[in-house]
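1. After the sequence you'll find the predicted model.
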Amino acid sequence: MLDRRRTLKLLAGGAIATTGMMFIPADPVIADIRRQGKKRLAMVIDLGRCNGCKACVVSCGIENGNLPDEHRTQVPQHSVDLNGKQYVFNLPLLCNNCDKPSCVSVCPTGATFKREQDGIVVVDSQLCIGCNYCIQACPYDGVRFTHSATGTVDKCNFCIQRTSRGLLPACVETCTGGARVFGDINDPESEVSRLIRQHRPLVLQAGKQTSPNVFYIGLTQDESNRANSINSPQTWQR
Amino acid sequence: MDRRDFLKAGSVAAVMTTGTLGAKAATKASTSDAEISRYAPTSLTPEYYFDQDKQLVENPEQRFAFSKCFGCFNVCGARVSIDNKTDKVLRAVGNPYTLTNNAGQPFTMETPPKEAMLQLSAVSGLSQSNRATLCGRGNAVPDAFEDKHRITRCLKRVGKRGENRWQSISYEQLLKEVIEGGDLFGEGKVEGLRTIHDNPALANPRYPDFGPVKNQLLVSTSSEQGARADFLHRFVKESWGTPNIGNKDSYCGHQQVAGCALGCFDAVDEMALPQVDYEETKFAIFIGTNPGLSGNGLNVGSRRLAKARSDRPDFKYVVIDPILRSLTSEVDNSQGEWLPIVSGGDTALMFAMMQYIINHDRYRRAYLEAPSQACADAIGEINYTNATYLVVKEPGHPLFNQFLTAEACGVGEAEIKMVIDKATGQLVTGESEQPAELFYKGKLAIGNGVELQVETAFSLLKHRVNETSMRQLSERCGISVAKIEELAKEFTSHGRSVAIETNTGCNASDGGQFAFAMIMLATLVGAHNAKGGMMHMGGVGYAAMYDIYDGPLYNLMDFEHASLTGFNAERSGDYELSHEYQQKLAKGLDPYPADQPWNNTFVQDNSGELLVAHANKNPFQFKAWITWATNPIYGCSGLQDQVEDSIKDPKQLGLIIALDPYINETNVFADYIVPDSLQYEQWANSRMWGSEFVGDVACVPVVTSRNVKTAQGQEVNMEQFLIDISKAIGLPGFGEKAFKDVEGRDLPIHEPADFYVPLFANIAHTGSVLPSPTEEDIAFTSVDRVLPLFKARLKPEEVGPTAYMLTRGGRYERVDERYEGEFFNPMMRMDTQFQVYNESLARVKDSYSGEFNDGQPVYDVDRFWDGSAVRALWKVNEYPFNLSTFKLHLRSPYSVALPRITALGETNYIHLHEDDAAKFDIKDGDRAQVLSPKGKYIEGIVQADKTVARNTIVVGMGYGHWCFGASDLEVDGQVIPGIPSRGTGVCPNPFNIVDPSRKGASLYRDKTFGSTARHGVPVAIRKV
Amino acid sequence: MSEVHWGLLVAAYLFLAGAGAGALFISGALVLSEKVAHAHHWSTAKFSAIAGLLLLMLGTGMIVFDLTSFQYGIFNGDMSKLLRFYRLFMTFEPSSMMSIGTWLLTLAIIFALLFCFSFKRHDQETFTSRGYALINLILAVCVASYTALLIGDIKHNIVWSNSILVVIFLVSAISSGAAVVLIVKTWLKQSDPHHHFAKADSMVMLIELFVLGIFVYVIANVSKFYGLDNLLGMATSAGKIWWLGAVVVGLLLPLLLNLTSIMGRVGVSHAKEYGIAALTLVGAFCLRYSVLLAGQSY
């Protein structure tokens, strides 16, 4: 777990960029989603309000019955040098519940699909055979994994058991910094819509063309292009 | 000075939060339960949901309740969902009524619980900024109940102490053995508690001033356990009557709380720990703390910080600490900054800033010139200081180093001090409504032809901060002169709307002096009680504000208290009143130095020092030790090897009883373990650390304890044990006539509810009496399960208001208007005379040298008790680094037992700057040993980068357990294997230094307060 | 949790399916060509077809074994999870290469079975299964290509999403199919004094070496572009398996052995033939395994 090489690669800026990369704002993605006019649940994460406390990680595990070392969400942390000064970078990661998910099309049994009514990408545990093809297809490393209690693929589904019942996802409910905000991107009154209007957030690895539904306020273009992993070694013990 | 004097009871503001809730309703119909079970097969089922009409629909298989979080010592309010079938807490989140979980807007007490849940839900469409949270530790607590290493039976030691082998025995057998004693382990006769208590002889005739044999009962515990701690203290002090109760505060960081108070009260034994007013401050300095990551809770601290930095472009902050942590985010790099500081260099930085501010006249002159409240009122300040007071500097004069009094000048009483009127230059009393001279030094005629050398407190301060050059101060703290000047300028550029906050991270031998200097910085700009400045009323609970044990309904302390005589064994009190001092004088010997250090400032109640006294057999050894929910062997810097042999030996300490659900590094030496209940199974009432407003979390057991029961069918826990031994020995305060109601009727205490039910009733009836809850509130919050306990003990009319409090998980005084003009409102202010010169401190003598303390902050090198310099003994070339430690935000004294916490980090690290590491051929990821001058070392993995101050080695706490489930536990011949993930990493406490200038076993002490110090101490590093 | 989600079993699947397809391809080619009229070619074609069929079925077994629901079913005694793979056959998802492959393999197995049975019904003189042979030939090409397309469909994977992999896997499938055929021939004790087989085999290997070279060049460049260590460099486990297993053991050594036989104009001993075949098969497996690993190592 404490493999130095991986640590360096994933954390010390060695993580790979997807392309040479020009600026890719999230606006076209949002416009695309809006054009459909349907309810589209999304999360906005304000990195300026994230303090790396990992309350979300723990509450997610408890809520969704994952083993302590299986994570639907994680907050990799590392230090950053900006003009000779040291800062910390906390990056909450989870399934992006993409609008154009690359995991869905590859599924041979139709177990994973994007729900019409709210846009959540779910895995039907009764259909999944555990071929791991979707795990390979997803460019966001580690957001899909095999749940050791079911033998089938698991991932963040925006706490569908809660969000389809009028409640907030567990991670949002317990986010101590108030960084995670959840709602319908197609409801102009929603808090996520307001934040998106105000901050023009970025998505992760826009170059992968998956149109994520998780938006980050405060992310730089360079950071958004990196391929971070939920399974990054947890060496930030501070 | 009693802060209660400055506060008056607030009332619960009657703001009903109803109104229309916008947005679209969620519909259950859109996704069927069958679908959910396919998509989320391992997820929990919510404890309730909202239907299309936004009506809360309860899940019949679960129940909802409010409780208290005990993932750490910040004591936040929790809301939990419980499975009815298994009686297991499924999940815990924050309580929206409590003040620690919500920045700014906790829900009013009037909000019905279901309405509160609606407001927290997605269907409400309300802003999600008002969510009620728990941090990572709090979320992980539900796993604690099923822990294989949890103790639920009464255990008796098998084999030698510390072998972690036990047999289970009945509660009744345990009671009998600890009370009556006997040859319990085949190791010889052990004195039982009854014999110890009833023996009127002196514990040690050589030290008659340390009291009778019953003082040879030592009790150790931790603070922040609210009413449960009060229950224990009531037993120790008022029922048994021993002064020897230790807690963890004084080896945690108490000197900084006491040091802050030196700048706030004319006293040496007060407490103050101001917080930043995040909502309005323009510039905040966090030194020795990362907001929310130590001390004031994460739920409120980091939340408010996050809000301030993202919502307010005019907010800036600096975190000054030896190590970069999670709260100086690169996203806010224009607003926030981490400034590395050499461990132990904090006072130097404070002095350097003061030097710049005073020399460049950047202090708030008018504020400091006000000698009285009247003058402050006249110039628009809320408080005043003693900056203009004249200190007598005439050697030999009875008032030498004290303020010149009106009495000495023949113009009034001794309490009134003298100043020089600014306009006329005349000597006038400090009651003057006119500004006084800030700088005066010289001979002064005080009447009767007497001339005295006097100097104003502020002039002395100016002199004091200029004793060391800026360059030297800069070198000591490792921060450049230019940066210090920049900090000082920024701190003096926003009027009163600046703040500086610390929390247990400035723990060198001058931690008390640092905190005194830190408060002085705030005094220089008049930031106390100011909007955007220093908020002094954080974390005040009902117990501190009101006498909740003494009415309005029940007087829980109304019984004949046991006699309590003698100094405590760690020598708290005035050395010159001691037998030792008198004897030395009688023999014509120099009474100084004292044989062992005395705490003549603050009563430390230091578990560590009490054990050191035991190890030294001075003044005596303890005969019995009861330890509850505390772990000094693991947690107290330097302690382990000083005292462990004297604890292990049954001949030196006859009887050790642990009250705990876990076997930790300390109570592994116990002879008997009484299983204590875990949180959610406990009664609880406590203040909330970090909360701005007055409020208590209060809760009943919401799940049934897993512990064994007594023969009478009561749950075994700390309270039941203390009740039963008190009843058996015949101690007052328990049993049939344990306390009285206000009408004077005797009431009994036979089980915990007998104590907590009347206590809760008192809180509910304090100030304005709470209303009664609806049946719906009671049923929804599961209070109906415990209502019979209340009905059986309270008068019918008292039940409603008390239950009302429980349906909200506590009682909280909401403040709708935080400010009054440029200051906090009176309820949130600590109005006092701020101290530029603390006369009380100048009256306290050092127990080694016999010299008086200085009335102002002192900048000095680190020194041992005998005054010799630490670095003169352990030189820089041998030990080139200063050690620092810190609290990891996911680790607490308990969190190692939580698998979801240990899964988030395999190990802690030895942190140092990469350039320092390179000098020793060490790279990031290498293994290395950190060597202490004590001859011990810790070995771990190095993290070497640019995020650590130079010349400093930093190690986080909470790892490196060798008990607490990390090692094998044997009960009745069955081995419960140790869990490897609990023992990973290193614990920096046992290897840390002690004070070689003291006799025998010792701890390294704060020079002013005697608290255990652990930072800025010399260490070396060696690659493995 | 391992980050390598597709490991040995999937490599075995890709390899076995490839080798099986290769064997069927050669068998079909023999049938379509006139050579099948010769008894020894007839039996070679027959037994190669049977071997190909068995390899396809074994390969399919491997992928079933690799399914996490299958493994969960074994470890937890959960029959519904164990047999969950039937779900593959309840639907056809044209967007999923795995679904396409599932049906393709199913078809290939069915037709290989029919092909095999056709050998039973006829002797060499009356053999008229050219239709089946053609279908098998086409399906073999599809199956072999599919093993590459399965991973090539992972668009963001800089190792897998590489069109030359189709060629590599196809050529490798033929050469490993040839190795299977060689084993069959050797087992049937058919000697080949004219080195026809060795020459043809060497040719395929040379072509394979050439396309492998292109692949190595591309991966080295791609790695550099993304700021990574060479994903097929010797420092990585994938690289070690690639260079030692796929290139040295799987290509250079068999080539050397073939060439020494051809140059020395001596008959290839049975032991040597078995050796060449074994080396080729090990190499073909290593090729797939290293590509799988390289694609999951960054």
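-> Alright, I've got the coordinates. Just so it is clear, the structure is predicted and the values come from calculations on it, not from any experiment.

2. Quick one: residues contacting residue B:285.
-> B:317-318, B:320, B:487, B:491, B:498-501 (Cβ atoms under 8 Å, 6 or more residues apart in numbering or on different chains). Bear in mind the C-beta positions are built from the backbone N, C-alpha and C, glycine included.

3. just the buried members of the residues you listed?
-> Among the contacts of residue B:285, those buried by neighbour count (16 or more other Cβ atoms under 10 Å in any protein chain shown) are B:317-318, B:320, B:487, B:491, B:498-501.

4. Return the member of these nearest to residue A:94.
-> residue B:317 (28.7 Å; Cβ to Cβ).

5. how about the helices in the chain?
-> Just going to use chain A. Along chain A, counting by DSSP state H, helices occupy A:4-11, A:27-36, A:55-64, A:102-106, A:133-137, A:160-163, A:170-173, A:191-199, A:221-225.

6. you looked at the wrong chain, it should be chain C
-> All helices of chain C, identified by DSSP H, fall at C:8-32, C:39-66, C:68-76, C:79-82, C:97-121, C:130-152, C:164-187, C:196-225, C:237-240, C:253-264, C:270-295.

7. ok and the last one relative to helix C:164-187, angle-wise?
-> It refers to helix C:270-295. Using axes from the mean of the first three to the mean of the last three Cα atoms, to 10 degrees, the direction of helix C:270-295 lies 160 degrees away from that of helix C:164-187.

8. Going by contacts, tell me the helices and strands next to helix C:270-295.
-> Secondary-structure packing of helix C:270-295 (3 or more Cβ pairs under 8 Å, 6 or more residues apart in numbering or on different chains; DSSP states H and E): helix C:8-32, helix C:130-152, helix C:164-187, helix C:196-225, helix C:237-240, helix C:253-264.

9. If you count contacts, what does the lowest-mean-pLDDT helix or strand in chain B end up packed against?
-> Here the helix or strand of chain B ranked lowest by mean pLDDT, DSSP states H and E is helix B:542-545, holding a mean of 85. On a contact count with 3+ Cβ pairs under 8 Å, 6+ apart, helix B:542-545 meets helix B:226-233, strand B:684-687, strand B:695-699.

10. pull the CA atoms of that helix into PDB?
-> The C-alpha coordinates for helix B:542-545 follow below in PDB (Å, rounded to 0.1, in the frame of the first residue of the first chain):
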ATOM      1  CA  TYR B 542     -25.100  25.100  31.500                       C
ATOM      2  CA  ALA B 543     -22.800  23.600  34.200                       C
ATOM      3  CA  ALA B 544     -20.500  26.600  33.800                       C
ATOM      4  CA  MET B 545     -23.300  29.200  33.500                       C
END
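
11. can the helices of chain A go into TSV with extra columns for distance to residue B:118, mean neighbour count and mean pLDDT?
-> Output for the helices of chain A, formatted as TSV (distance: least, Cβ to Cβ, whole Å; neighbours: other Cβ atoms under 10 Å in any protein chain shown; pLDDT from 0 to 100):
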stretch	distance to residue B:118	mean neighbour count	mean pLDDT
helix A:4-11	42	17	35
helix A:27-36	28	14	75
helix A:55-64	20	28	97
helix A:102-106	34	22	95
helix A:133-137	37	25	95
helix A:160-163	14	24	96
helix A:170-173	14	28	96
helix A:191-199	16	17	92
helix A:221-225	36	18	89
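
12. which residues of chain A fall in strands?
-> Listed in chain order, the strands of chain A (DSSP state E) span A:41-46, A:77-82, A:85-90, A:112-114, A:121-123, A:145-146, A:153-154, A:180-184, A:214-217.

13. Quick one, which of the ones you listed gets closest to chain C.
-> strand A:145-146 (4.5 Å; Cβ to the nearest Cβ).

14. Three-state assignment for residue B:82, please.
-> Classification of residue B:82 by DSSP: H, G, I helix; E, B strand; the rest coil places it in strand.

15. Would you confirm that it contacts residue B:703?
-> Yes. Applying Cβ atoms under 8 Å, one finds residue B:82 in contact with residue B:703, separated by 5.9 Å.

16. Identify the contacts common to those two.
-> Shared contacts of residue B:82 and residue B:703, defined by Cβ under 8 Å, 6+ apart, comprise B:88-89.

17. List the ones among the buried ones among the contacts of residue B:285 that fall in helices.
-> Those of the buried ones among the contacts of residue B:285 lying in helices (DSSP H): B:487, B:491.

18. Make sure residue B:804 is indeed in a strand.
-> No. Read with three-state DSSP, residue B:804 is helix and lies in no strand.

19. now it: how far from residue B:95?
-> 15 Å (Cβ to Cβ, to the nearest Å).

20. who's in contact with residue A:237?
-> Residues near residue A:237 by Cβ under 8 Å, 6+ apart: B:888, B:890, B:905, B:907-909, B:956, B:959, B:985.

21. Can I get the helices of chain A in TSV including distance to chain B?
-> Converted to TSV, the helices of chain A look like this (distance: least, Cβ to the nearest Cβ, whole Å):
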stretch	distance to chain B
helix A:4-11	5
helix A:27-36	17
helix A:55-64	4
helix A:102-106	14
helix A:133-137	14
helix A:160-163	5
helix A:170-173	6
helix A:191-199	6
helix A:221-225	9
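
22. Tally up the residues packed near residue 220, please.
-> Here I'm looking at chain A. If you count neighbours by other Cβ atoms under 10 Å in any protein chain shown, residue A:220 ends up with 15.

23. I was thinking of chain C, sorry if that wasn't clear
-> The tally of other residues near residue C:220 (other Cβ under 10 Å) stands at 14.

24. measure it to residue C:159 for me?
-> From residue C:220 over to residue C:159 (counting by Cβ to Cβ), the distance is 11 Å.

25. Repeat that for residue C:52.
-> Where residue C:159 is concerned, residue C:52 sits at a distance of 28 Å (Cβ to Cβ).

26. more crowded one of the two?
-> The neighbour comparison of residue C:52 against residue C:159 (other Cβ under 10 Å) goes to residue C:52, with 32 against 26.

27. In this structure the more buried one contacts residue C:112, no?
-> Yes. At 6.0 Å, residue C:52 counts as touching residue C:112 under the criterion of Cβ under 8 Å.

28. Can you give me every residue that contacts residue B:894?
-> Neighbouring residues of residue B:894 by Cβ under 8 Å, 6+ apart: B:70-72, B:137, B:144, B:662.
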